[in-house]
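*Asks:* here is the input, now give the coordinates:
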Amino acid sequence: MGAHHSHQPRHSSAEDPSGLHRLALLVIAPLAVLTLVSMVWLWPDPLPTPDGQSRLPEVTGTVTGLDRVECEEELPDEVNGCGTAYVALDDDSVEGAPRSGELEAPLPNGPGAPELAEGDGVILISTETPDGITWAVVDHQRGSQLWMLALAFVVALVAFGRLRGVTALVGLGVTFLVLVLFVVPAILGGDPPLLIAIVGSAAVALTVLYLTHGFTPSTSVAVLGTLAALALTGLLSALAVATMHLTGFTDDLSAALGQTYAVNMEGLLLAGIVIGSLGVLDDVTVTQAATVAELSRANPEYRGRDLYRAGSRVGRSHIASVVNTIVLAYAGSSLPLLILIVANNDGLGNVLTDQIVAQEIVRSLVATIGLVAAVPVTTALAALSARGRW
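*Replies:* A predicted model of the protein is given here:
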C-alpha cells in the first residue's frame, strides 16, 4: 500500500508542474495588451445620423378592426386581401397621427407581408406625399415574445449551469457588446473588416474564456489554442478568397450594403469567417483542455504523451461531429439561396462553383481546417501543462 501511495504525484494538475502556465501568461499578456491598444486605436467614431429622410419614424399600435373588400383585380402575392386595417396607436402624440389616435392603413400584401388579425400588435411607417401622410403596416410586434424566450433561456442556463451558467451569461453579454459597440460600427466606419474581426475575436476570446472558465492553466491553454487557430483561419480565409476571386457580393442585400455604406464586402466575407469560427473554436479548445486535465487526475501514472494520445482520441470524435455541425449551420443559414440556385441550374458543377455556394463552402472548409489544427495544439499544450514531462 505504501508503494502505491509513493507513486501519487505531490501536485495536482492545477499547480502547473511544468511552469507552462507562467510561460503561457508571458505570451498571453502581451497579446492582451496589443488587443486592448488595437481596440482603442480602432475604436469607431459615433456614426452620423442619416438626414434627408422623407419617411417618419416607425410607430407601434394594435389592430382594432379589419374591413375587407373584394379586390378589383387579382393580387399576385395576396396575404390579407384588399381593404383597410384600423390601428390604435400606442402613442397618439406621433407627428401626423389622427387626433383620435386611431388611423387607417391599407391591408398589406406581397412577399413577407404580415398576416393581420384583430388584436395584433403591429409596426407602421408613415410616408409624406403631396396628398398628406400615408401609413403602412410593415411588421408584427414581437418584443414581448422575445423577452419571454430570453427569460426561458436564462432560467434554463442558470438552473443547470448554476454559477457557470451565470458566468456564461456575462460572457455572452461581453460578446454582444464587442460586436455591437466595436465590430459593427468600426466596419461601417470604413476600417478593414478582417483586422476588426481579428481584434474583436481576440478580445472576446481573452475576456470570455477566462470569465467563464476561470483563471486556470486549462483556460490559458484553451486561449492559446484558440488564438493560434484564429490566426490560421484568418490566413487561410484570405488565401482562399483571393485565389477563388470571391467578392462577397452575392445578393441584393450585400450589394446595397457595399454601395450605400461603402463597406469592403470581400473584407466583410473574411470577417464573417473569422467571427463565425470563434464560437466553435472556443468550444473545441476548452473541451480538449478540460479533457486532458480530467485524464491527468484520473490517471496519475500517465505521462504527457499518454495524455496527448488519449486526449487526441477524444478530439477526433469531437471534430467528426463538429464538422457536420458547421456544414449544416452554414447550409441552414443560406438554404433559401441554395434552393434557388439548384432550381435555376442544371449541373451539380455549376451549383458548387456558383459564388454564393462557393462562398459557403469556403466558410465551412476553412473553419474546419482551423478546428482540426486547434485540437493537436491545444491537446499537446494541455498535456505538458498537466504533467510537465513528455
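*Asks:* for the protein, which strand is longest?
*Replies:* strand 59-69 (DSSP state E).
*Asks:* any idea of the mean pLDDT for it?
*Replies:* What strand 59-69 shows for mean pLDDT is 91.
*Asks:* what's near enough to touch L307?
*Replies:* V292, L295, S296, N299, T379, A382, A383, A386, R387 (C-beta atoms under 8 Å, 6 or more residues apart in numbering). Glycine gets a C-beta too; all of them are placed from N, C-alpha and C.
*Asks:* do the same with V138
*Replies:* Residues near V138 by C-beta under 8 Å, 6+ apart: E58, P108, P114, I123, L124, I125.
*Asks:* same question, V183
*Replies:* Applying C-beta under 8 Å, 6+ apart to V183 gives the contacts I196, A197, G200, A271, I275.
*Asks:* so which of the contacts of V138 are in strands?
*Replies:* Among the contacts of V138, the residues falling in strands (DSSP E) are I123, L124, I125.
*Asks:* and the longest strand of the chain, which residues are buried?
*Replies:* By 16 or more other C-beta atoms under 10 Å, the buried positions in strand 59-69 come out as V59, T60, G61, T62, V63, L66.
*Asks:* same question for stretch 279-296.
*Replies:* By 16+ other C-beta under 10 Å, the buried positions in stretch 279-296 come out as 280-293, 295-296.
*Asks:* can you check stretch 294-314 too?
*Replies:* Under 16+ other C-beta under 10 Å, the buried positions of stretch 294-314 are L295, S296, Y302, G304, D306, L307, Y308, A310, G311, S312, V314.
*Asks:* before we move on, back to that, rebuild the buried residues of strand 59-69 as JSON lines, extending it with distance to A343.
*Replies:* Shown next, in JSON lines, are those (distance: C-beta to C-beta, whole Å):
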{"residue": "V59", "distance to A343": "39"}
{"residue": "T60", "distance to A343": "38"}
{"residue": "G61", "distance to A343": "39"}
{"residue": "T62", "distance to A343": "40"}
{"residue": "V63", "distance to A343": "36"}
{"residue": "L66", "distance to A343": "35"}
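*Asks:* go through these and say which is closest to V362.
*Replies:* V362 lies nearest to T60 out of the buried residues of strand 59-69, by C-beta to C-beta, at 41.0 Å.
*Asks:* what pairs with the closest one across the strands?
*Replies:* Taking DSSP bridges, one obtains I123 as the residues bridged to T60.
*Asks:* touching, it and I125? I think so.
*Replies:* No. T60 lies out of contact with I125 (C-beta atoms under 8 Å); the separation is 10.9 Å.
*Asks:* who wins on neighbours among the contacts of V138?
*Replies:* The most neighbours of any of the contacts of V138, using other C-beta atoms under 10 Å, belong to L124, which has 22 neighbours.
*Asks:* pretty sure that residue is touching T134, no?
*Replies:* No. Applying C-beta under 8 Å as the test, L124 and T134 come out as separate, 10.3 Å apart.
*Asks:* nearest spatial neighbour of M244, chain-adjacent residues omitted?
*Replies:* Distance criterion C-beta to C-beta, 6 or more residues apart in numbering; nearest residue to M244, sequence neighbours excluded, is A358 at 6.2 Å.
*Asks:* for the helix or strand containing the one you found, buried residues please.
*Replies:* Per DSSP states H and E, A358 falls inside helix 355-387. For helix 355-387, a neighbour-count test (16+ other C-beta under 10 Å) marks 356-375, 377-387 as buried.
*Asks:* same check on stretch 35-43?
*Replies:* By 16+ other C-beta under 10 Å, the buried positions in stretch 35-43 come out as T35, S38, M39, L42.
*Asks:* quick one: which of the residues you listed sit in helices?
*Replies:* Within the buried residues of stretch 35-43, residues falling in helices by DSSP state H are T35, S38, M39, L42.
*Asks:* can you give me every residue that contacts the last one?
*Replies:* I take that to be L42. By C-beta under 8 Å, 6+ apart, the contact list for L42 reads F182, A186, D191, L195, I196, V199.
*Asks:* ok, now how distant is it from S144?
*Replies:* Applying C-beta to C-beta, to the nearest Å, the value for L42 to S144 is 37 Å.
*Asks:* which of the helices or strands spans the closest residue to L194 other than its chain neighbours?
*Replies:* In space, and not counting its chain neighbours, L194 is closest to L270: 4.3 Å by C-beta to C-beta, 6+ apart. L270 is part of helix 265-298, with elements assigned from DSSP H and E.
*Asks:* backbone phi and psi for S100, please?
*Replies:* Here is the backbone geometry of S100 (degrees, to the nearest 10): phi -70, psi -20.
*Asks:* just give me the neighbour total for it.
*Replies:* Residues near S100, counting by other C-beta under 10 Å, number 9.
*Asks:* next up, the contacts around it.
*Replies:* Listed by C-beta under 8 Å, 6+ apart, the contact set of S100 reads D92.
*Asks:* if you set the cut-off to 7 Å instead, what comes out?
*Replies:* With contact set as C-beta atoms under 7 Å, 6 or more residues apart in numbering, S100 has no partners.
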